[in-house]
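Asks: Predicted model and sequence follow; I will ask about them next.
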Amino acid sequence: MFIDIHVFPAFYEPINGDPAKEELRHRALNIHKNGTAPLKHIFNQMNCAGLDRLCLLPQDYTSRTGSPLVTNDEIRTLVDLAPDHFIGFASVDPNEKDAADRLEDAFARLDLRGLYLHPGRQRFFPADPCAEPLYRICEQYDRPVLFHAGFSYEPDTVTRYGHPLAFEEIAEQHPKLRICVSQFGWPWCRETAMLMLKYPNIYTDTACLYFDSASEFYKQMLTQDVPITWIDRSLRHQIMFGSANPRFEQIRMANSLSTLDFRDSTLDLIRGGNALAFLGRKF
Amino acid sequence: MFVKAIHLCTKTYVEMTVITPLVEDIVAESGIRNGMVTVQTKHTTTGITVNEALECLESDIQYALSLFAPEDRPYCHARILPDYGSTAGNPTGHLKAMLTGNHCHFLIQDGKMIRGGAQEIYFCEFDGPAQRTVLVMVEEK
């Protein structure tokens, strides 16, 4: 099974009936000229990439944007439209007083399968006390957390909140919590590799493409910035495929993985085996 | 001038679709007896071309275009585009579209589109799958 663990459905047609909301999403995410995508197009894209499942991430930056850009209920709506294609995550803003209640609701009522947080956008450090109740709820429901880590091209973001080293304390204090320090913490890929070596509950994904073509960028990040032998020998159980689509190109990124000379078994883990382990294999 | 759009949802990365019947329907719908029809894609990684509709030729056309613009080359159009907020990765689509061109014209006489026996209008996708729009403009002369 080939899973994209890192997809933003902000411009999927079924949740974009309101032009004002769509315009807000374009502006707040700094993604433009892409229009909205009917699910038929999303499925065609999945077919071309060879993907079996997309993990859909909502975006709740209420303390910065006034309301969630994509709500947990909208994610549930999308998953219900295509349960064989989509896995839904939850998002809450740790700065909001009702964040814990909203997360519990997302897990208990909406049956969402993990939590997405963006420290750089939500302006909190991962070890801040405001986020601690959220981690406890994730542990209670056996759900993983996927953090945006490293650089972000979204507006209104501050990079230091998502530096990979900022995740060490929670990895240490919550050894049973499955944590994704996404996009290899780019550009701090070696720091992320260090974390993964030290903490088996830390995962990462490949959801970045900030320079060059997909094959050139992956070659740089996954074979040189982090030597391919480090991944193929030591970190192979902790890396998941992610695209951050629509920011980046899902199809070319997916296809580029197979050009990197990983062992076939490593490629299988990156394509889906690790995501299944991260998700707890329950969806 | 009578203008109508054809909407296509392409399924694969590169594909060629005959749209002649759709264009002829629009010409008929326009009611224009004598004039010209222009078929023009609204995109820069798609093309409009006229050729014989044979699967062997479709393969040869796609092969020839891929020789001109192979996928695995160090193209400059591979970077974050600030106006889009996303990374460009479709240089070959732009280059292939440059070769096919983005439009074609046909004469209309007595309400019929005049074309040679082997001539079909192709919509060419070079960066699919995608949602595409083709404009058909019928002018009376």
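Replies: Sure thing, it's come through.

Asks: Where do the helices of chain B begin and end?
Replies: Ranges of helices in chain B, per DSSP state H, are B:20-30, B:55-68, B:91-100.

Asks: interface residues of chain B facing chain A?
Replies: B:9-13, B:72, B:74-75, B:78-80, B:83-87, B:89, B:128-131 (Cβ under 8 Å from any Cβ of the partner chain). In this view, the C-beta of every residue, glycine as well, is placed from N, C-alpha and C.

Asks: Kindly recompute the last result at 6 Å.
Replies: Taking Cβ under 6 Å from any Cβ of the partner chain, the part of chain B that reaches chain A is made up of B:9, B:11, B:13, B:78, B:84-87, B:89, B:129, B:131.

Asks: and the gap between the closest residue to chain B within the stretch 51-200 of chain A and residue A:126?
Replies: Of all residues in the stretch 51-200 of chain A, residue A:153 sits closest to chain B, at 6.5 Å by Cβ to the nearest Cβ. For residue A:153, the distance to residue A:126 (Cβ to Cβ, to the nearest Å) stands at 20 Å.

Asks: Where does pLDDT dip in chain B?
Replies: Within chain B, no stretch has pLDDT under 70.

Asks: the strands in it, which residues?
Replies: In chain B, the segments counted as strands under DSSP state E are B:2-9, B:15-18, B:35-41, B:46-51, B:80-81, B:86-87, B:103-109, B:112-114, B:120-125, B:131-140.

Asks: Ok, which of those comes nearest residue B:59?
Replies: strand B:15-18 (9.6 Å; Cβ to Cβ).

Asks: And the helices in the stretch 101-250 of chain A?
Replies: A:119-122, A:132-141, A:168-173, A:189-198, A:214-219, A:228-230, A:250-257 (DSSP state H, counting those that start in this stretch).

Asks: right, and those - which one's nearest residue B:17?
Replies: Of all the helices of the stretch 101-250 of chain A, helix A:250-257 comes closest under Cβ to Cβ, at 19.3 Å.

Asks: and the residue in the stretch 1-150 of chain A that chain B sits nearest to, what does it touch?
Replies: At 3.7 Å from chain B, residue A:44 is the closest residue in the stretch 1-150 of chain A, using Cβ to the nearest Cβ. Residues in contact with residue A:44, defined by Cβ atoms under 6 Å, 6 or more residues apart in numbering or on different chains, are B:11, B:129.

Asks: quick one: it is in a helix?
Replies: Yes. The assignment for residue A:44, made by DSSP: H, G, I helix; E, B strand; the rest coil, places it in a helix.

Asks: so who does residue 124 touch?
Replies: Because you didn't say which chain, this covers chain A. When contacts are counted by Cβ under 6 Å, 6+ apart, residue A:124 touches A:94, A:130.

Asks: wrong one, I was asking about chain B
Replies: Taking Cβ under 6 Å, 6+ apart, one finds B:16, B:46-47, B:49, B:100 in contact with residue B:124.

Asks: try it again with 10 Å
Replies: Going by Cβ atoms under 10 Å, 6 or more residues apart in numbering or on different chains, residue B:124 touches B:10, B:14-17, B:41, B:45-49, B:51, B:58, B:61-62, B:65, B:93, B:96-97, B:99-102.

Asks: Go ahead and build a PyMOL selection from the buried members of the residues of chain B next to chain A.
Replies: Restricted to buried positions by 16 or more other Cβ atoms under 10 Å in any protein chain shown, the PyMOL selection for the residues of chain B next to chain A reads:
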select buried, chain B and resi 11+13+78+85+86+87+89+129+131
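
Asks: Export the residues of chain B next to chain A to TSV and append columns for distance to residue A:133.
Replies: Output for the residues of chain B next to chain A, formatted as TSV (distance: Cβ to Cβ, whole Å):
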residue	distance to residue A:133
B:9	44
B:11	46
B:13	46
B:78	43
B:84	38
B:85	33
B:86	35
B:87	36
B:89	41
B:129	42
B:131	42
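
Asks: Going by distance to residue A:248, which of the residues of chain B next to chain A wins?
Replies: For the residues of chain B next to chain A, the nearest to residue A:248 is residue B:87 (5.4 Å; Cβ to Cβ).

Asks: Kindly state the beta-bridge partners for that closest one.
Replies: residue B:80 (DSSP bridges).

Asks: you'd agree it is up against residue A:216?
Replies: No. Using Cβ atoms under 10 Å, residue B:87 is not in contact with residue A:216; the gap is 11.1 Å.

Asks: so residue A:115 makes contact with residue A:148?
Replies: No. Contact criterion Cβ under 10 Å: residue A:115 and residue A:148 do not qualify, at 12.0 Å.

Asks: from chain B, which residue is nearest to chain A?
Replies: Closest point on chain B to chain A, by Cβ to the nearest Cβ, is residue B:129, at 3.7 Å.

Asks: So that residue is in contact with residue A:47, correct?
Replies: Yes. Using Cβ under 10 Å, residue B:129 is in contact with residue A:47, at 7.8 Å.

Asks: ok so, going back, so which of the helices of the stretch 101-250 of chain A is the most packed in?
Replies: helix A:119-122 (a mean of 25; mean count of other Cβ atoms under 10 Å in any protein chain shown).

Asks: any idea how far residue A:138 lies from residue A:183?
Replies: Noted for residue A:138: a distance of 20 Å to residue A:183, by Cβ to Cβ.

Asks: Give me the buried stretch members for the strand or helix carrying residue A:26, please.
Replies: In the assignment (DSSP states H and E), residue A:26 maps to helix A:19-29. Going by neighbour count (16+ other Cβ under 10 Å), the buried part of helix A:19-29 is A:22, A:24-26, A:28-29.
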